[in-house]
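S.K.: here's a sequence, model it:
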Amino acid sequence: MGKFIIEGGHKLSGEITPQGAKNEALEVISAVLLTPDPVVLSNVPEILSNVPEILDVKNLIGLLQGMGVKVQRLEKGTYRFQADEVDTAYIETEEFVKKCAALRGSVMVVGPLLSRFGHAWFAKPAWSPWAPKWTMTPPAALSI
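M.R.: Model prediction:
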């Protein structure tokens, strides 16, 4: 295994661009379901930037695309989302349930779906020893 040796007394300089945080990105991306309008989250209108390009994020984006959310990758880490044509029937399909089961973060779409459409259907997310017990339930339908 490699190692870093840190010695004091040397001035640091330079610039870095930190990668976006996965869990926060999953929350923000899920929130695009709350509105049919384009999402505005930066100084550039209608653009969500610094999105980490990792498997969980890509899987959530794929899940939203399956629901009818328009997703445009403008450049690495920069996306535009618009949920103006969400197919609410899709959330009751076996395909949707399978995609949810493969992504623990899929439970984050439940709140926006309930808020905007009044119902949600989701599967038990993939098992993890760190996942809260309430996510270990069988597929369920919720309504308000």
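
S.K.: so which helix or strand of this protein has the lowest pLDDT on average?
M.R.: Lowest mean confidence among the helices and strands of the chain (mean pLDDT, DSSP states H and E): strand 140-143, at a mean of 60.

S.K.: rounded mean pLDDT for stretch 60-69, please.
M.R.: The pLDDT scores in stretch 60-69 average 95.

S.K.: buried set for that stretch?
M.R.: Leu60, Ile61, Leu63, Leu64, Met67, Val69 (16 or more other CB atoms under 10 Å). Glycine gets a C-beta too; all of them are placed from N, C-alpha and C.

S.K.: now name the helix or strand holding the nearest residue to the second one once chain neighbours are set aside.
M.R.: In this case it means Ile61. Leaving aside its sequence neighbours, Ile61 sits nearest to Val71 (CB to CB, 6 or more residues apart in numbering; 5.6 Å). For Val71, the host element (DSSP states H and E) is strand 70-75.

S.K.: helices or strands up against that strand?
M.R.: helix 55-66, strand 78-82 (3 or more CB pairs under 8 Å, 6 or more residues apart in numbering; DSSP states H and E).
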